[in-house]
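Colleague: what follows is a predicted structure for the sequence shown.
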Amino acid sequence: MQEQLNEYWEDVFSVLAVATVMDPRCKMKYIEFLSLKYGNGSNCSQVTDVFVDIHNLYDEYMAHNTETESPISDSKNSDSDSDSEDLPEHIKQRCENPKFGFDCLDDYNEFIQSDIQPQNQKSDLECYLEEPLVPWSLNFNLLSWWGTLGRKYPILSKMARDLLAMQFSLVTDFDAYLY
């Protein structure tokens, strides 16, 4: 029976550990603590494995993120339409060009983007893990906590929703009475 439990534990450890990291009261600190307290020599590798697993999961969610901001609808006033009728034709054509007046801004944007050093940018996951732990409280609701942070950490919020709502163990009648 111990052998079956060990096999089961190996299968679910990673999922449970990643779900634990999604708890702002625990994060990686709790995994490190348990690894030191109950580890069997491979504790450092388990912490590293969890760290790699959560980064891989985050990267997978980032790759599948299809959420795009909806464009703001254009609302035109009837006054602006009547004003544009009075303009000469060559000015109307320039104004109708979507890039009118933004050529310089495009060049500036390229300059700014080339100046940004990507290695200094942190992912939402790294920012979340660096934030201080949330203090323990009896009435802490983890799912609503992630719900309120949906705008700050949209990808992590989706990960938490999927991981924390998952049922990890299901014992059938047969399995319960097998041993």
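Modeller: Now that the structure is in, tell me what you want to look at.

Colleague: helices along the chain, start to end?
Modeller: 2-21, 27-38, 43-63, 78-85, 89-96, 103-115, 124-130, 142-148, 154-164, 173-178 (DSSP state H).

Colleague: pLDDT of the fourth one, averaged?
Modeller: Model confidence over helix 78-85 averages 51 on the pLDDT scale.

Colleague: now swap in the last one and tell me
Modeller: For helix 173-178, the mean per-residue pLDDT is 56.

Colleague: worst-scoring helix or strand of this structure, pLDDT-wise?
Modeller: One helix or strand of the chain scores below all others by mean pLDDT, DSSP states H and E: helix 78-85, with a mean of 51.

Colleague: run a quick neighbour tally on Gln4.
Modeller: 11 (other CB atoms under 10 Å). No exception for glycine: its C-beta is placed from N, CA and C like everyone else's.

Colleague: now swap in Met1 and tell me
Modeller: Met1 has 7 neighbouring residues, counting by other CB under 10 Å.

Colleague: again with the one 4 residues further on
Modeller: Using other CB under 10 Å, Leu5 has 9 neighbouring residues.

Colleague: check contacts around Leu34.
Modeller: Counting by CB atoms under 8 Å, 6 or more residues apart in numbering, Leu34 makes contact with nothing.

Colleague: returning to that earlier point: which of the helices of the chain has the lowest average pLDDT?
Modeller: helix 78-85 (a mean of 51).

Colleague: okay but Tyr58 is in contact with Ile155, surely?
Modeller: Yes: using CB atoms under 8 Å, Tyr58 is in contact with Ile155, at 6.6 Å.

Colleague: so what sits against both of the two?
Modeller: In contact with both Tyr58 and Ile155: Asp124, Leu125, using CB under 8 Å, 6+ apart.

Colleague: which residue packs closest to Val47, ignoring adjacent ones?
Modeller: Nearest-residue entry for Val47: Ser35, 5.1 Å, with adjacent residues in sequence omitted and distances by CB to CB, 6 or more residues apart in numbering.

Colleague: report how many residues lie close to Lys152.
Modeller: When neighbours are counted by other CB under 10 Å, Lys152 comes out with 11.

Colleague: wait, what's in contact with the nearest residue in space to it that is not next to it in sequence?
Modeller: Of all residues not flanking Lys152 in the chain, Asp124 sits nearest, at 7.8 Å (CB to CB, 6+ apart). Asp124 is in contact with Tyr58, Lys152, Tyr153, Pro154, Ile155, Leu156, counting by CB under 8 Å, 6+ apart.
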